[in-house]
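Undergrad: Please work out how this folds:
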Amino acid sequence: MLKKGSKLYSILTGTCPKCQNESMYLDKNPLHFNKILKMHENCSHCGLRYQIEPSFFYGAMYVSYGLNVAVGIAAFIISFVIFGSSLKIAFIAIITSLIVLFPFILRWSRNVYINMFVSYDPKANQQ
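TA: Prediction:
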């Protein structure tokens, strides 16, 4: 399902959106909070500059907002509708899920945002 060359592969693995050979991040583990947003300047395989323009990833905040809303709605539906919990427990489930998934959503939003502007190029692997 997750084959190299798809945007979903690049988004979920955090690899270069152009060649998908190298991780964009210095530390692949999103749970190392002091290095969560530290990225390479360029891809060592295809040379893609990740920060396409100054302050490029500010736009990822909008993607992050959408992902957080989706996670919050999913947590509410799972806790309130499926499990039949009270509103108080559903609210606690939403807050807990947002806190637990924060580092992943932060990276996924950057991955989604750069993949909106850069497409996979199979010829980039040959360089």
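
Undergrad: Now for the most centrally placed residue in the chain: which residues touch it?
TA: Geometric centre of the chain, nearest residue: Trp108, 0.6 Å, by CA atoms, centre = their mean. Contact analysis of Trp108 by CB atoms under 8 Å, 6 or more residues apart in numbering lists Ile11, Leu12, Leu67. For the C-beta atoms, the positions are set from N, CA and C on the backbone; glycine is no exception.

Undergrad: ok so it is a strand residue?
TA: No. Membership of Trp108 in a strand is not supported by DSSP: H, G, I helix; E, B strand; the rest coil, which gives helix.

Undergrad: pLDDT at it, what is it?
TA: pLDDT recorded at Trp108 is 95.

Undergrad: Highest neighbour count among the contacts of Trp108?
TA: Counting neighbours by other CB atoms under 10 Å, Ile11 comes out on top of the contacts of Trp108 with 20 neighbours.

Undergrad: That one in helix, strand or coil?
TA: Quick answer, by three-state DSSP: Ile11 is helix.

Undergrad: and the closest residue to it other than its chain neighbours, what helix or strand is that in?
TA: Nearest residue to Ile11, sequence neighbours excluded (CB to CB, 6 or more residues apart in numbering): Asn111, at 4.4 Å. According to DSSP states H and E, Asn111 maps onto helix 87-115.
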